[in-house]
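Undergrad: pasting a predicted model and its sequence here:
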Amino acid sequence: MKTMKKISAALLAGLALAVFSVPSQAQTTNWMVYNFDTNQVANKSGFPWSGPYQGWNNWFGNAWVSGVWDSSADSSNNPSSGSMKITTTWLPKNPGNNYYQYCAFDGFSDYNADMYNTFTNLSFDVKYGAGSCTRTNDDGTVDFGAMRVGAWDNYGQDWLQYFAIPATNALGGPNTDWTHISVTIDTNTFLQYPALVNIQNIVFGMDGGDARLRCTNMNGTQTVWLDNIQFIGPAGGIVHPPPTLSVARTTPGLRAFIGSASIYARSQLTSINANQSWIGGTYPVTYSFTLLDFPNVSQVQAHLELIPGPAYTGNAGADYGNTNCLWLQILSSGTGGYTANVAWKTNAVNKNPNDGTVGHTVLSIASPNSPAGTWTLTFTNATSGTLSGPGTNNVPFTINDPNLVADWQNPCMLVIGNQPNGVSVGEGLPSDYSAISVTGVAAGDVNDNFTTAASLDPVWSLSNCDKTNTVVLVTTNSPYWVYWTLPDTGFGLGVATNVTCDPLILPEFYNGYFDVPLVAAQGKMRWTLIPSDCLPTVNGLAQYGQPLAPNAFFRLSNPPPPF
C-alpha cells in the first residue's frame, strides 16, 4: 500500500510524503493462559521481583487474605479443572483504613501476548461467593463493588476496565453464577497505554480507598473466583491500516502540545525563581502571554497560575493539589470563541480555584473572539487588578481575601501552559506561544520573544509537565513538522531525494547523526521536528556545507531505514 502527497515549499522545490505497509503474519488466535486445570496459582521461587515466575499472589493492599487454587470450582463444571479463589476482607473508610485494596498479580510470567498483531481481547470468567459483602449504589442497585482488570507496566498498573457484578441474579436470588467478561484492547488502548502492545502480566484488583469507585463503605469478607483467563484475536491476525503522514511548515515560537499524557495532563512552563507574587511588587505588576493559535475544541484550557508555597518539582497539578492558587483560566468555546475566569482559593487541597464550595471567582467573561492573542493580568495594587485579552480590555476584578498578604506573599511560582481539561479529543493538539512577559515582581522582569529565541530562557523549567517533550521551542533552524497517525508500531521515518524514496535514509544521516530530530507521541499523532541539517543534499552526503537537494521526500516504512 502506498500513498503520496506533494506540497510546495520555499526551502525546497518540493516536499512529498509516502507510507508503505507490511501486512501482519497470521498467528494463533485463541490463547488460554490460565485454565487452572492444575495449580497455576502456586508461587514459584523468585516472587515478586526476580526471576521467571508464573503464579498468583497479592502485589499490594491490606484487603487481601489469601489466593489459592480451588479444584472444586470450575466455570464449565469440569471435574478435572478448577479456578483461582481469592478471599478479601473490607472495612468501611475511616482515618485508619482509607486504602483498603488488593492487587492480584501473576508475577513475572513467561508469556508474551502480542496485542498489536494477534489479539484484540482479554477475557475471563468471574463469580462471587454467597455471603460476600456488597455495596448499594445511588440508584438502589446492589453489587459486589468496582473490580478492575489490567496489566503490569514498568512496576505500575495500566487498568483496562472496571466492572461490577450484580449481587442479585435474574431470578432475584443471590448471584453466585459465573459471569464472562471480555475486555477490548485496540488502538485507543495503545494511545493511552503504549506499553500494552505486548502484555506479559495480568492484574486484578479492587480499591476501597478511592471515593470515585464508591467502594469505600464495604464491610465484611468477599470470596471471588477467576477462571479461563485467555487472549482472543481474529483468524489470520490483525491487519492495521498504515499511518497517515503529513507535513507542515513550522512557525517559530513555543509549541505546547495540550496534555498528551491524560485528559488532565499539564503542558506548561514554571518559573524557576519563586519570587513571582504581586504582593510586595512594584505596581502595576503584569503577567502576560501571547497565543499565536489555540485549538477550537470546547473546554480545552490555557492557563496562567500563581501558586504560593515552597518551590516544587514534578508536581504538574499543583494548581489543584496545593492549598492556595490564583489562576487565569481560558477555555475554548468550540465555536470560535472563549470563556475566561480569574479565580482563587486558599486552604483548599485538591480543589480548583473556581470550585464554588471553596473557591472564589472574581471575574468571568465570554467572548466570540478567538483566544489567540495577547492576555495580560495586571495588578494595580494588592487587592485589585484588570484582565485584558482578545476583544477584552481592562476588565476589573478585586480579591477579597482577609489574609491576602500572608496567603500570597513569596515564595510564589508562576505557571503558564495548558491542559485538555477532561476532553479526550483535546489530547495532543498543538498550541503556539510567541511571547511571555512579567513586570514588577521581586524576581525581576521577563521579556521572552519565542519567535526569535535560539534556546529556552533559563528562567523557565519544564519539570512540571506531565510528560516530556510536550513543550518545544521551534527555532528558525527547524523548518518542518512531519507528523503521522498512531499506532505506528514497526514504522520509522526516512527521507530521500526522489519520488521512489530510493534509497531511504534516516534524516539524521545528513548531519552525521549529531542532530537527531525530536520525535514524540502527542495524543493520537506522532510529531517530528525536522532541523535544516536533516534535509538531503545534492550529492547525498552529510551536509558540512553541501548544497541542499531541490526536493525532499519523506516516507514511513516498516521496517525503518537501517541508517
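TA: Sure thing, it's come through. Residues are numbered from 1 along each chain as shown.
Undergrad: can you list the residue ranges for strands in the stretch 151-300 of the chain?
TA: In the stretch 151-300 of the chain, the segments counted as strands under DSSP state E, counting those that start in this stretch are 156-163, 179-184, 198-199, 202-207, 220-232, 245-249, 253-257, 267-271, 285-293.
Undergrad: quick one: mean pLDDT over the fifth one.
TA: Okay, so that is strand 220-232. Per-residue pLDDT values over strand 220-232 give a mean of 97.
Undergrad: list the buried residues in that strand.
TA: If you call a residue buried by 16 or more other CB atoms under 10 Å, then strand 220-232 has these buried ones: 222-231. Every residue, glycine included, has its C-beta placed from N, CA and C.
Undergrad: Asp355 is nearest to which of the strands of the stretch 151-300 of the chain?
TA: strand 267-271 (20.2 Å; CB to CB).
Undergrad: report the mean confidence score over that closest one.
TA: Here strand 267-271 scores 96 as its mean pLDDT.
Undergrad: helices of the stretch 351-500 of the chain, start to end?
TA: Assigned by DSSP state H, counting those that start in this stretch, the stretch 351-500 of the chain shows helices spanning 404-408.
Undergrad: ok, the stretch 51-200 of the chain next?
TA: Using DSSP H, counting those that start in this stretch, the helices assigned to the stretch 51-200 of the chain run over residues 187-192.
Undergrad: identify the residues contacting the residue sitting nearest the centre point of the chain.
TA: Centroid check for the chain by CA atoms, centre = their mean gives Ala261 as the closest residue, at 1.5 Å. Contact analysis of Ala261 by CB atoms under 8 Å, 6 or more residues apart in numbering lists 466-467, 470.
Undergrad: PyMOL command to pick out the buried ones of those residues?
TA: Buried subset of the contacts of Ala261, written as a PyMOL selection, criterion 16+ other CB under 10 Å:
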select buried, resi 466+467+470
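Undergrad: between the contacts of Ala261, which is nearest Asn175?
TA: Using CB to CB, Asp466 is the member of the contacts of Ala261 that lies nearest Asn175, at 40.1 Å.
Undergrad: just the pLDDT for that closest one.
TA: Per the predicted model, pLDDT is 89 at Asp466.
Undergrad: repeat for Leu171
TA: The predicted local confidence for Leu171 is 88.
Undergrad: distance of it relative to Asp177?
TA: 10 Å (CB to CB, to the nearest Å).
Undergrad: between those two, which one's more packed in?
TA: Each of Leu171 and Asp177 has its neighbours counted (other CB atoms under 10 Å); Asp177 has more, 14 against 8.
Undergrad: spit out the contact partners of the more buried one.
TA: With CB under 8 Å, 6+ apart, Asp177 has these contacts: 127, 169.
Undergrad: what score does it have for pLDDT?
TA: Reported pLDDT for Asp177: 95.
Undergrad: all further residue positions should be reported with the first residue as 17.
TA: Shifting the count to begin at 17 puts that one at Asp193.
Undergrad: for it, give its distance to Asp417.
TA: Counting by CB to CB - Asp193 and Asp417 are separated by 58 Å.
Undergrad: and if you look at Thr157?
TA: Thr157 is 44 Å from Asp417, where distance means CB to CB.
Undergrad: comparing these two, which residue is more hemmed in?
TA: Counted by other CB under 10 Å, Thr157 and Asp417 do not tie: Asp417 has more neighbours, with 18 against 13.
Undergrad: leaving out chain neighbours, which residue sits closest to the more buried one?
TA: In space, and not counting its chain neighbours, Asp417 is closest to Asp423: 5.7 Å by CB to CB, 6 or more residues apart in numbering.
Undergrad: now Thr205
TA: Distance criterion CB to CB, 6+ apart; nearest residue to Thr205, sequence neighbours excluded, is Leu212 at 5.9 Å.
Undergrad: give me the low-pLDDT residue ranges for the stretch 417-566 of the chain?
TA: For the stretch 417-566 of the chain, no stretch is flagged by pLDDT under 70.
Undergrad: which stretches of it form strands?
TA: Ranges of strands in the stretch 417-566 of the chain, per DSSP E, counting those that start in this stretch, are 428-435, 446-455, 462-465, 476-477, 487-490, 496-501, 508-512, 534-538, 541-546.
Undergrad: neighbours of Ser477, just the number please.
TA: With neighbours defined by other CB under 10 Å, the count for Ser477 comes to 17.
Undergrad: that one contacts Thr286, doesn't it?
TA: Yes - if you go by CB atoms under 8 Å, Ser477 and Thr286 touch, sitting 4.8 Å apart.
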